[in-house]
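Visitor: Following is a predicted model, sequence given first.
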Amino acid sequence: MIAQYMGQKNGREVSRGFLVNLFLAVLLAAVFTGICIAFPGQIMRVYTKDAVTRRIASGYLGIIAFSYIPIAVSTLLSTLLRCMEAASLPLYASIFGAVVNTGLNYVLIFGKLGFPELGVTGAALATVISQTACFLLTMVLFYACYQKQEFRMEPVFCLDSVGRKQYLGILLPILMCELFWSFGENVYTAIYGNIGTVDCAAMTLTLPVQALTIGALNGLAQAAAILIGKALGSGEDERAYQESKTDAVRAWGLAAAFCFAIACGKCLCKNLSGGGACPGVGLSDFNCLCNNFSNKGSEYDIRRRHIKERRQDKICDGGGW
């Protein structure tokens with residue numbers, strides 16, 4: 001939505017789209033923060049039967065919940081910066097956050113530089129501090145970039161009937177897709193956790209690979225959304241439609257390449273370990289990655305259907321091309 005209004009150079013609607021999304025994101029983050037702080041033990045009970053693991057995880061969850069709101073705000077600011085063609089600024093903020101997180105993990109987990117050895121609690125504190133630092137830096141970079149823009153933000157928090165229809169028509173399917181995908185991930189984690197702590201730990205070894213691949217696909221999806229949105233906003237529907245098809249093919253190709261690389265890595269791991277099973281990289285994890293790629297690819301289908309509907313409406317109205 002923001003990208004479309006940027007293409008139209010409609011500052012009021014850019015403000016409306018950004019502020020409405022910001023309000024909802026902060027509201028959701030606040031709700032989850034409150035739930036995680038108030039009931040960490042009950043939540044972790046769903047994921048593991050191990051009392052010791054549950055106690056440690058509950059403490060971690062109760063601390064890391066404080067990072068949800070900074071993450072929500074910096075995510076929306078990063079999206080707006082990308083729409084303002086300043087995609088490098090969120091990258092710098094993310095790199096800064098990663099460096100801070102890595103350094104604080106080393107210091108707080110292992111008790112270096114005079115700090116006490118905090119273990120898991122230190123890891124949670126490092127995450128909260130680094131995410132807050134990333135949020136503050138993103139705010140500073142956004143303000144510096146905003147001063148150079150022609151449009152100015154307006155305090156518009158309400159959607160009219162047309163805006164509500166567009167908001168629900170575009171964002172609700174994507175939101176539901178992400179919701180079901182996240183639910184599936186939680187089911188996987190709960191199953192592994194209830195099987196046993198060792199099994200759950202082995203599954204978590206694959207998370208860096210999943211984060212790498214899904215992160216790459218998410219980056220491609222965000223870039224495609226901005227390019228397509230701006231084309232739609234400027235009235236270039238045909239170019240947007242062709243761009244959506246091209247980006248969909250790129251997404252599926254990238255997903256297939258990652259899946260192939262993971263499959264080859266699994267075979268290599270088996271060979272290096274003497275033909276035994278490769279720890280932490282099982283068929284279920286591979287299937288999980290494929291499902292993740294499929295969900296990400298479906299976002300392109302939603303955008304393509306929306307653009308197709310616009311094309312059909314124009315033809316029915318006699319607008320032609």
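Guide: Noted; the coordinates are in hand.

Visitor: Any regions of the stretch 201-321 of the chain where pLDDT drops low?
Guide: Scanning the stretch 201-321 of the chain for pLDDT under 70 picks out the ranges 230, 232-235, 265-321.

Visitor: May I ask which helix or strand encompasses residue 222?
Guide: Element membership for residue 222 (DSSP states H and E) is helix 207-233.

Visitor: gap between that helix and the chain center?
Guide: Counting by CA atoms, centre = their mean, to the nearest Å, helix 207-233 is centred 9 Å from the centre of its parent chain.

Visitor: who does that helix touch, helix- and strand-wise?
Guide: On a contact count with 3 or more CB pairs under 8 Å, 6 or more residues apart in numbering; DSSP states H and E, helix 207-233 meets helix 2-8, helix 68-83, helix 237-272, helix 283-316. Where you see a C-beta, it was placed from the backbone N, CA and C, and this is true even at glycine.

Visitor: Buried residues, it. List them.
Guide: 209-210, 213-214, 216-217, 220-222, 224-233 (16 or more other CB atoms under 10 Å).

Visitor: likewise stretch 167-178?
Guide: Neighbour-count burial for stretch 167-178, counted by 16+ other CB under 10 Å, picks out 167, 170, 173, 177.

Visitor: out of everything not next to it in sequence, what's closest to residue 118?
Guide: Nearest residue to residue 118 in three dimensions, chain neighbours excluded: residue 108, at 5.0 Å (CB to CB, 6 or more residues apart in numbering).

Visitor: if I look at that neighbour, how far off is residue 95?
Guide: 20 Å (CB to CB, to the nearest Å).

Visitor: who's more crowded, these two?
Guide: Shown here are residue 108 and residue 95; by other CB atoms under 10 Å, residue 108 has more neighbours (22 against 12).

Visitor: List the contacts of that one.
Guide: 115, 118, 121-123, 125-126 (CB atoms under 8 Å, 6 or more residues apart in numbering).

Visitor: Of those residues - the most surrounded one?
Guide: Greatest neighbour count in the contacts of residue 108, by other CB under 10 Å, goes to residue 126: 23 neighbours.

Visitor: Can you give me the buried ones in the helix or strand harbouring the residue nearest to residue 118?
Guide: Element membership for residue 108 (DSSP H and E) is helix 88-110. Buried residues in helix 88-110, counted by 16+ other CB under 10 Å: 89-90, 93, 96-97, 100-101, 104-105, 107-109.
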